[in-house]
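>>> I'd like to go over a predicted model; first the sequence, then the structure.
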Amino acid sequence: MSCINFRNFTVSNVLSALKMKTKIKTYSFLVQPQDVDFQCQVTMASLTNILLTTAGFNADDNGFGIRNLNENDCSWVLLRLAVEMQYFPKQYESIEVETWVEEVGRATTTRNFCIRNENNEMIGNASSTWAMINIITRRAQDLISLDGIHEFANGKTVAIEKPIKLSGVEGTPVDVFKVKYSHIDINGHVNSMRYVEWICNCFSIETYKNKQIKRFEINYVNEIRFGEEVSLSMVEIEKDDFRFEILKEGKTACKARIVFC
């Protein structure tokens, strides 16, 4: 545990430092059998689920979780996510996910993550961008109206490039399918992890035997609803650097990137 050198602090600085520490929280997870692939390592979809669960826990702890927002017919939606991993933890391995709100604007907020193994070694980082929507009108809401959230923004960055706006993909779709019941979440649209599964399924078992995902990045552009038909296109722009686009009835729903190492 780190110590504060009080000789270099005024009373106000000490209080500020202690307050800052409460803005960064850590949550523990045990990688379960349902979270892993054929190599017994956590899948990108399961890791995404762990990150979003962490975000939900912390938002609840800070007083602006989904249940709080639902009281005013609002909810959080994920817009962008970038994840970089040194290695993917194995089945029954304990991990800790540290999270905090970096900044809050009028339209979006940035939340960051640091992933550590059971030896307290950093094994990954992630950065995400969120918006608040009205679940009835489906329109984005001004975060100024969310009382108290700005107090939790601490300005702390994360050790990876933030998710950027990805370009579209031209080419013949590699997969076409219709959205089913199990794809839909509590916001009435396709669950965030389903997109990740669809994208990661573009590669063979042999690919995952010989390579590891170094960076995964996704932009959620337009929601997909039950019964809609979607197509997924993929192109390799450089060696081991792939781009993806998911279309719903010809309209961009999602863009993504996977870099292997």
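Yep, it's here. Computed from a prediction, not measured in an experiment: that's the story for all the values here.

>>> please enumerate the strands of the chain.
Counting by DSSP state E, the chain has strands at residues 25-30, 74-85, 94-104, 109-116, 122-134, 175-178, 213-220, 229-238, 241-248, 251-260.

>>> residues in contact with the closest residue to Asp175 other than its chain neighbours?
In space, not counting the residues next to it along the chain, Asp175 is nearest to Leu232; the distance is 4.4 Å by C-beta to C-beta, 6 or more residues apart in numbering. Yep, even glycine has a C-beta here, placed from its N, CA and C like the rest. Leu232 makes contacts with Pro173, Val174, Asp175, Val176, Trp198, Ile199, Cys202, Phe244, Glu245, Ile246, Leu247, as judged by C-beta atoms under 8 Å, 6 or more residues apart in numbering.

>>> could you check the pLDDT of Leu232?
You'll see Leu232 listed with a pLDDT of 97.

>>> which residues of the stretch 1-150 of the chain score low on pLDDT?
1-22 (pLDDT under 70).

>>> residues of stretch 109-119 that come out buried?
Thr109, Thr110, Arg111, Asn112, Phe113, Cys114, Ile115, Arg116, Asn117 (16 or more other C-beta atoms under 10 Å).

>>> could you dump these to CSV with distance to Arg194?
Output for those, formatted as CSV (distance: C-beta to C-beta, whole Å):
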residue, distance to Arg194
Thr109, 23
Thr110, 24
Arg111, 21
Asn112, 24
Phe113, 20
Cys114, 26
Ile115, 22
Arg116, 27
Asn117, 27
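
>>> of all the residues you listed, which two lie farthest apart?
Maximum pairwise distance among the buried residues of stretch 109-119 (C-beta to C-beta): 27.8 Å, between Thr109 and Asn117.

>>> and the buried residues of stretch 109-119, which is closest to Glu96?
Arg116 (4.8 Å).

>>> residues touching the nearest residue in space to the closest one that is not next to it in sequence, list them.
Distances taken as C-beta to C-beta, 6+ apart place Glu96 nearest to Arg116, at 4.8 Å, with adjacent residues excluded. Glu96 is in contact with Thr26, Tyr27, Ser28, Phe29, Ile115, Arg116, Asn120, counting by C-beta under 8 Å, 6+ apart.

>>> looking at neighbours, which among the residues you listed is most surrounded?
Ile115 (26 neighbours; other C-beta atoms under 10 Å).

>>> so the nearest residue to that one once chain neighbours are set aside bridges to which residues?
If the residues on either side of it in the chain are set aside, Ile115 comes closest to Gly124, at 3.9 Å by C-beta to C-beta, 6+ apart. Beta-bridge partners for Gly124, by DSSP bridges, are Met85, Ile115.
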